[in-house]
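**Student:** Just to be clear, the model below is a prediction. Sequence and coordinates:
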Amino acid sequence: MSRPPKCRRVEFLPRLTFFKPAGVPLRDLEEVGLTVEELEAIRLKDLLGLEQEACAEKMGVSRPTYHRVLSAARAKVAEALVNGKAIRVEGGNFQVVVRRFHCEQCGHEWEVPCGQGPCASEMACPQCAGRDVYRIDEEGKPFNCLHWEHGKKMEQL
């Protein structure tokens, strides 16, 4: 039995998750599914122009794993463009990198971009200067890796 895939770090969640050829009714189109981490791989390499080593580091995976994710993503996009298929972005096994925090003392919540500011154990609340701070997810629960399938959150570790 193979081990489950490592959770990939993602800095970008798309607002728009469905793309289709213009002028073709949706009922007449086949779809290609692109996972959130595959979209992130394309964004890092093809949009931001980062080297694969830097991309792999940002996503928290090895360079060969990053290359496999990027190759799969590019193949899916090429299939959709060449064959006139729609692209649906959903699912995957990822963790959002924007850090959100909660102050236990005053209840204040705030966000800090990844790579900026101190870690949670060294952070003070910007509202009350309290030191009882912990990281939370978008729902206000303690932060964990998210497992997604077909656009729905399945479980938290």
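**Tutor:** In hand now; what should we look at?
**Student:** who's in contact with Val36?
**Tutor:** By C-beta atoms under 8 Å, 6 or more residues apart in numbering, the residues touching Val36 are Val10, Leu13, Pro14, Val89, Glu90, Gly91, Gly92, Phe94, Trp148. C-beta here means a position set from N, CA and C on the backbone, and glycine is covered the same way.
**Student:** and which of those residues is nearest to Val69?
**Tutor:** Distance to Val69 across the contacts of Val36 (C-beta to C-beta) is lowest for Gly92, with 9.7 Å.
**Student:** okay, now the closest one: neighbour count?
**Tutor:** By other C-beta atoms under 10 Å, the residues close to Gly92 number 23.
**Student:** What's the per-residue pLDDT of the nearest residue to Thr17 once chain neighbours are set aside here?
**Tutor:** Of all residues beyond its chain neighbours, the one nearest Thr17 is Val89 (4.3 Å), with distances taken as C-beta to C-beta, 6 or more residues apart in numbering. Val89 is assigned 96 on the pLDDT scale.
**Student:** next one: Leu13
**Tutor:** Model confidence at Leu13 (pLDDT) stands at 82.
**Student:** Centroid-nearest residue for this protein?
**Tutor:** The C-alpha lying nearest the average C-alpha coordinate of the chain belongs to Val10 (C-alpha atoms, centre = their mean; 3.1 Å).
**Student:** Who are the contact partners of it?
**Tutor:** Val36, Glu37, Glu40, Met59, Phe94, Gln95, Val96, Val97.
**Student:** quick revisit: which strand residues bridge the residue nearest to Thr17?
**Tutor:** Applying DSSP bridges to Val89 gives these bridge partners: Leu34.
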